[in-house]
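> The sequence and its predicted three-dimensional model are supplied below.
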Amino acid sequence: MTLVQDGPPVHADSRGVAAQPRRQLLFDWVVKRGVLLVLVTAPLDSLFLGVLRITPPRMGYLYLLLASIALPAFVAWRRARSTDPDEPAQHFHRYALYSLVPVAMFSLVRIPALSLTRFVFWMPWYGFGVGATGQPPGTIGSLLPGAMLYLLQGWSLGMVYYVLFKRQTLLNAMLLYTGFISSLYSFIFPVFIMVGLPATPVFHLTNYWAHTAMGLTAWFMPRFWQRTWPRLARPVRAGVIAGLALVFAAPFTYVLATANLWQFGAQAHIEATAFDRVQASLSGGPAVSVERGQAEYAYVLVLGPRAYRNYGGAYRAIDATGVQVRGQLSRGQQVIAWCAGDVDALPSVRTVRDPERFFAALWSVNYTRVSVRCAGPAAGIGPGQVINVSWTAQLLLQGERSTDQRTLTGEQPARLTAGTPASMAPVPVNPDQ
Amino acid sequence: MFSVNSALGEVKWEMEANDYWTFVGLVIGAFAIVVAPRLFQPGHTANSVIYLTGGTVVLVVASIARWRTRRKETEAAESTAHDLRSQGAFQ
């Protein structure tokens, strides 16, 4: 008796199966599907071992490497040993090819989202690439390895359907991809992966839409190759192969082209605008202390804002290194002190990879306080006097793609307060440390 | 080759035991490992609601499909038994 007609034929009577001891059923499931699932989902597992902080990222990559070696050996062993024609290992080569199309379709249907909603679907690819290679985000160096990892992850997500389910029905595909995976994705990405990128309704809708397309494709592939393909004439088959190759290549080609033609230029323009916004301004009045005929001053220069939104709407912060402040304090036309304040690098959020900590870190570095100390003769100097503070801050600003050496100058009258240079607030530490 | 009607015609609200328990394992396993430790924490309200809704829909639909399958199996078994009894009466 076959209850579900649209999958491979049932070879074991369900009542007979139910009569087997549960332990034997569980053992069979582990041997036939469980081990294979653990091996084919290694690209996903290694990602989540890292983002869930269960293991260091390098252990995830080691697992991926070992699983890649073990997978063909396990499949060959099961094909030699198994007598169950429903066992996924028996059809592994077919499933592996089928799974290439759903992952491409997952991205293909998201292409219109860029022009419709400015949703840049390949932004996580940079994150994967940065994690694997350490190359800076927003560059081809992180995009290409990220795309490769994304392809592996998508492939393994497609394999889940073929490995886990006995019947490759449309109901199973929709429940898996539209119901389960989309909902989990909507939870996991904002929590673990989308650094500085708020999860908007557009993100969730695109997620459901793309996973549904992926599920439909995963379900359709066996039907097409088993039912439609044998009936096709040779020229049509050649056209179908070309079409599938196009479907597979289209999203990756599109991303590479769009990154080169639009993203990199747009990002450079955004960064130039963000560089222009960075200013240096005086915070409060300088503190002065007089000792042995020498007056020491300290004041705080605030550098910022450094937060900006990149080409995909994600929040980032301009980095600044080699900060060198020089300046003078003057009263009327007379210079009363010379000032200096050097910082190797302002606190950065570049290494903050945890979305939960990112915004707190970002707002803590948006405006950074730099201590500047001055010294000069003490003659006639004391708290309450109004002096003129002038400064020149040189610093190297760094975005995702561009750097720019900037000189920020300013001048402002300020009233001296009593205090010692040691009492001034220090430069905040890197929020990631 | 492929149409929405033919696709909808393929939807059979029936499910094998293996597939049903797979869904139960996936939904509960992901909830226990990933979602529960962060459920309704600040900033995760919308995400939590989405996962709980999606997971519930999956479990409810899978349960209905499994229940329909078992009911059909029972009806088929009863029908077979009835046929066998009828044949025995004739003989």
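Cool, got the structure.
> In terms of position in space, what residue lies nearest the middle of chain B?
B:Ala62 (1.7 Å; C-alpha atoms, centre = their mean).
> tell me the contacts of the closest residue to that residue other than its chain neighbours?
In this structure, B:Ala62 finds its nearest non-sequential neighbour in B:Phe23, 4.4 Å apart by C-beta to C-beta, 6 or more residues apart in numbering or on different chains. Placement of C-beta: from N, CA and C, glycine included. Applying C-beta atoms under 8 Å, 6 or more residues apart in numbering or on different chains, we find B:Phe23 in contact with A:Leu175, A:Leu176, A:Phe180, B:Val58, B:Leu59, B:Ala62.
> and the spatially closest residue to A:Ala266 that is not a sequence neighbour, what does it touch?
Leaving out its chain neighbours, the residue that sits closest to A:Ala266 by C-beta to C-beta, 6+ apart is A:Tyr311, at 4.6 Å. By C-beta under 8 Å, 6+ apart, A:Tyr311 lies in contact with A:Val120, A:Gly138, A:Trp262, A:Gln263, A:Ala266, A:Gln267, A:Ile270.
> The last one against A:Tyr308, yeah?
Just to be clear, that refers to A:Ile270. Yes: in this structure, A:Ile270 is within contact of A:Tyr308 by C-beta atoms under 8 Å, at 6.5 Å.
> returning to that earlier point: read off the pLDDT value for the residue nearest to the centre of chain B.
For B:Ala62, the pLDDT comes out at 97.
> Which strand or helix spans the closest residue to A:Ala89 other than its chain neighbours?
Nearest residue to A:Ala89, sequence neighbours excluded (C-beta to C-beta, 6+ apart): A:Arg78, at 3.7 Å. For A:Arg78, the host element (DSSP states H and E) is helix A:57-81.
> coming back round to it: the residue nearest to the centre of chain B: what secondary structure?
Secondary structure for B:Ala62, judged by DSSP: H, G, I helix; E, B strand; the rest coil, is helix.
> isn't it right up against B:Asn18?
No: taking contacts as C-beta under 8 Å, B:Ala62 lies outside contact range of B:Asn18: 11.7 Å.
> Contacts only, for B:Arg38.
For B:Arg38, counting by C-beta under 8 Å, 6+ apart, the contacting residues are A:Val191, B:His44, B:Ser48.
> Pick the one among the contacts of A:Tyr311 closest to chain B.
If you rank the contacts of A:Tyr311 by distance to chain B using C-beta to the nearest C-beta, A:Val120 comes first, at 20.3 Å.
> isn't there a strand covering A:Leu395?
Yes: the assignment for A:Leu395 is a strand, going by three-state DSSP.
> Quick check: beta-bridge partners of it?
A:Arg406 (DSSP bridges).
> Tell me the buried residues in stretch A:380-387?
A:Ile381, A:Ile387 (16 or more other C-beta atoms under 10 Å in any protein chain shown).
> actually stretch A:395-402, not the one I typed
Under 16+ other C-beta under 10 Å, the buried positions of stretch A:395-402 are A:Leu395, A:Leu397, A:Gln398, A:Gly399, A:Glu400, A:Arg401, A:Ser402.
> From those, pick the one nearest chain B.
Looking across the buried residues of stretch A:395-402 and measuring by C-beta to the nearest C-beta, the closest to chain B is A:Glu400, at 24.7 Å.
> Could you pull up phi and psi at the closest one?
Main-chain torsions, A:Glu400, degrees, to the nearest 10: phi -70, psi -30.
> Can you tell me the closest non-neighbouring residue to the residue of chain B found nearest chain A?
Closest to chain A within chain B is B:Gly54: 2.5 Å, counting by C-beta to the nearest C-beta. Excluding the flanking residues, the one nearest B:Gly54 by C-beta to C-beta, 6+ apart is A:Ser183, at 2.5 Å.
> Now do stretch A:108-124: distance from first to last residue.
End-to-end distance for stretch A:108-124, by C-alpha to C-alpha, to the nearest Å: 16 Å.
> close to chain B, is that stretch?
No: using C-beta under 8 Å from any C-beta of the partner chain, stretch A:108-124 stays clear of chain B, coming no nearer than 15.6 Å.
> Verify the contact between A:Pro102 and A:Gly158 for me.
Yes: between A:Pro102 and A:Gly158 there is a contact under C-beta under 8 Å: 4.2 Å.
> pLDDT below threshold where in chain B?
B:1-11, B:89-91 (pLDDT under 70).
> quick one, strands of chain A?
Ranges of strands in chain A, per DSSP state E, are A:279-291, A:294-304, A:307-309, A:315-317, A:319-331, A:334-345, A:368-377, A:386-398, A:403-415, A:417-418.
> is it true that B:Phe23 lies in a helix?
Yes: under three-state DSSP, B:Phe23 falls within a helix.
> in the stretch 101-250 of chain A, which spans are helices?
Taking DSSP state H, counting those that start in this stretch, the helices of the stretch 101-250 of chain A run over residues A:111-117, A:123-133, A:140-164, A:170-173, A:182-188, A:201-223, A:234-258.
> mean confidence score for the shortest one?
Averaged over helix A:170-173, pLDDT sits at 96.
> Tell me the buried residues in it?
In helix A:170-173, counting by 16+ other C-beta under 10 Å, buried: A:Leu170, A:Leu171, A:Asn172, A:Ala173.
> Tell me the spatial nearest neighbour of A:Gly284, not counting adjacent residues.
Nearest non-adjacent residue to A:Gly284 (C-beta to C-beta, 6+ apart): A:Val300, at 6.7 Å.
> Number of residues surrounding the one you found?
21 (other C-beta atoms under 10 Å in any protein chain shown).
> Report whether the expected contact of it with A:Val370 is present.
Yes: between A:Val300 and A:Val370 a contact is recorded at 6.9 Å, counting by C-beta under 8 Å.
> coming back round to it: my read: the residue nearest to B:Gly54 touches B:Gly55, true?
Yes: under the criterion of C-beta under 8 Å, A:Ser183 makes contact with B:Gly55 at 6.1 Å.
> For chain B, what's the nearest residue on the stretch 201-350 of chain A?
Closest point on the stretch 201-350 of chain A to chain B, by C-beta to the nearest C-beta, is A:Thr228, at 5.7 Å.
> State the phi and psi torsions of the nearest residue to A:Gln385 once chain neighbours are set aside.
Nearest residue to A:Gln385 in three dimensions, chain neighbours excluded: A:Leu416, at 5.1 Å (C-beta to C-beta, 6+ apart). Dihedral pair for A:Leu416: phi -70, psi 140, per degrees, to the nearest 10.
> I'd guessed A:Leu416 sits against A:Ile381; true?
Yes: with contact defined as C-beta under 8 Å, A:Leu416 counts as touching A:Ile381 (7.3 Å).
> Can you pull the residues that touch both of the two?
In contact with both A:Leu416 and A:Ile381: A:Val288, using C-beta under 8 Å, 6+ apart.
> that older thread, could the strands of chain A be laid out in TSV, adding distance to B:Ala81?
Listed next are the strands of chain A as TSV, based on distance: least, C-beta to C-beta, whole Å:
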stretch	distance to B:Ala81
strand A:279-291	87
strand A:294-304	81
strand A:307-309	69
strand A:315-317	68
strand A:319-331	77
strand A:334-345	81
strand A:368-377	82
strand A:386-398	79
strand A:403-415	81
strand A:417-418	98
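> Return the most buried member of these.
strand A:315-317 (a mean of 24; mean count of other C-beta atoms under 10 Å in any protein chain shown).
> is that one anywhere near chain B?
No: Strand A:315-317 does not reach chain B (C-beta under 8 Å from any C-beta); its nearest approach is 14.3 Å.
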